[in-house]
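S.K.: One predicted model, sequence on top.
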Amino acid sequence: MDHFLYRDGALYAEDVPISEIAAAVGTPFYVYSTATLLRHFQLFDDALDGTDHLVCYAMKAASNQAILKTLAQAGAGMDVVSGGEYMRAKAAGVPGDKIVFSGVGKTADEICTALTGGIRQFNVESEPEMEVINAVALELGVVAPITVRVNPDVDAKTHAKIATGKSENKFGIPIARASEVYAHAASLPGLEVIGIDVHIGSQLTELEPFELAYNKVAELTERLRAEGHNIRRLDLGGGLGIPYARSNDAPPLPVEYGAMIKKTLGHLGCEIEIEPGRLIAGNAGLMVSKVIYVKSGEDRDFLILDGAMNDLIRPAMYEAYHDIIAVQEPAPGVEQQPYDIVGPVCESGDTFAKQRNMPPLVPGDLVAFRSAGAYGAVMSSEYNTRPLIPEVLVHGDQFAVIRERPTFDEMINRDTIPEWL
Ligand code: LLP
């Protein structure tokens, strides 16, 4: 459920007409609903009710500080994967002891930033990384709390580019080597081993792969405890999928996911952490764009929008499906027609949808890409010297620009010309 609904024929974000935001900020833009963000966070928090837990929002999904602050005020921790994300989370007021640091290639500088500013734990991805964390911690005279990310060799049954839990993926250490790696970690004085981490992929639409992985984590917990490690926290990663196409079978609900976690891991008495990103932010955001031209091709009509692949890359990168709806609700019974919906960037990959049925549209009409809140704005670029598009946050009947559209001068003046030119 989200808070983007038609009222009297016009699409609203909560109590604000989308057309009003478009008039104020211009198109294209991203718009997020506070109520939807909070609702999705709450679904996870409630799903783990009765267990000691922390929902650490995977801020890579949508990292604007206004979004982080909204979630942090509701009690969320953060999962960060770079020094930049760590600093952004801190800037949004998230305390270090609610920030988990994941990611396969943490540099010594990033580790130092996090150890200095405070960190809940590092999710360690390899033995060389473990040694660097140990060395930095010793240099700073602190002890770094860590989990080790294990790779359970489970097929997440999702798009190959976002599956992470198979042995051929670059993530984590092979679960079969866990005893050895944990013994190594325990021998390093700058580290305190507190738990186990696992994350098998993103946009999972079934519980089964999670359950397979979590069962392996349960077994491993008992084994490592028997080997003398004080395993007290399990970080289960993110990955629960969202319905992109309204016609699709819906993925499992957070409450079902939570029940499965309690069933597979509840007996261990560990604190549970989860790192959802997409399910919190995905359906809490739209990308709104304007039709610039309707072009008749040989055998098809093209809707040419002012938004492009640089603004929302998911269709080009993952063949991802996004619902695209007219901001002005089509009159009942209006006949739909197929369009190829494209952006103005100079490559054929800049195609959002092929032969998508839409109501008849004309230049100037607004369309909204649904489910664009996660991995939308954060993956955008300035390709074709197109400005990063603004982000807007709605709260009831209020809205605020939470990232301005840069001017062309700001963009162009970032280049510096060497003196020999
Ligand atoms: N934790 C870790 C360690 C991760 O690598 C990820 C996502 C998450 C949590 C959050 O997963 P989520 O709950 O959002 O599925 N750009 C791609 C998705 C990449 C996901 C990367 N890792 C897309 O647009 O589909």
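M.R.: That came through fine. Here the structure is a predicted model, which is why all the values come from computation and not from measurement.

S.K.: Now do the helices in the stretch 201-350 of the chain.
M.R.: Ranges of helices in the stretch 201-350 of the chain, per DSSP state H, counting those that start in this stretch, are 208-226, 254-265, 278-281, 314-318.

S.K.: and among the ones you listed, the most buried is which?
M.R.: helix 278-281 (a mean of 29; mean count of other CB atoms under 10 Å). Yep, even glycine has a C-beta here, placed from its N, CA and C like the rest.

S.K.: quick one: average pLDDT of that one?
M.R.: Helix 278-281 carries an average pLDDT of 98.

S.K.: And it, what does it pack against?
M.R.: If contacts are counted by 3 or more CB pairs under 8 Å, 6 or more residues apart in numbering; DSSP states H and E, helix 278-281 sits against helix 34-47, strand 53-58.

S.K.: what about Gly50, how many residues close to it?
M.R.: A count of neighbours around Gly50, defined by other CB atoms under 10 Å, yields 10.

S.K.: thinking again about what came up before, which of the helices and strands packed on helix 278-281 sits most buried?
M.R.: Of all these, strand 53-58 carries the top mean neighbour count, a mean of 27, counting by mean count of other CB under 10 Å.

S.K.: got a list of what His140 touches?
M.R.: Rather than His, residue 140 is Leu. Going by CB atoms under 8 Å, 6 or more residues apart in numbering, Leu140 touches Cys112, Leu115, Thr116.

S.K.: and the last one, how far is that from Ala137?
M.R.: Read that as Thr116. Distance from Thr116 to Ala137, counting by CB to CB, to the nearest Å: 11 Å.

S.K.: Quick one: name the residues of this structure near the ligand.
M.R.: Selection of the chain residues close to the ligand by CB under 6 Å from any ligand atom yields 58, 61, 79, 102, 162, 199, 202-203, 237-239, 275-279, 314, 318, 374-375.

S.K.: please redo it, this time with the cut-off set to 5 Å
M.R.: Contacts of the chain with the ligand, taken as CB under 5 Å from any ligand atom, map to 58, 61, 102, 162, 199, 202, 237-239, 275-278, 314, 375.

S.K.: Now for those residues: which two are most distant?
M.R.: Ser102 and Arg314 (21.3 Å; CB to CB).

S.K.: hang on, the earlier thing: any chance of the helices and strands packed on helix 278-281 in JSON lines, with mean pLDDT too?
M.R.: Formatted as JSON lines, the helices and strands packed on helix 278-281 follow (pLDDT from 0 to 100):
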{"stretch": "helix 34-47", "mean pLDDT": "98"}
{"stretch": "strand 53-58", "mean pLDDT": "98"}
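
S.K.: Just put those in TSV and tack on distance to Val181.
M.R.: Below are these laid out as TSV (distance: least, CB to CB, whole Å):
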stretch	distance to Val181
helix 34-47	29
strand 53-58	23
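
S.K.: Ok, which of these comes nearest Leu305?
M.R.: helix 34-47 (23.7 Å).

S.K.: And the contacts of the closest one?
M.R.: 1-4, 14, 53, 55, 57, 67, 70-71, 74-76, 253-255, 257-259, 261, 274, 276, 279-281, 283-284, 373, 393-396.

S.K.: show me where pLDDT drops low in the chain?
M.R.: For the chain, the stretches flagged by pLDDT under 70 are 247-248.
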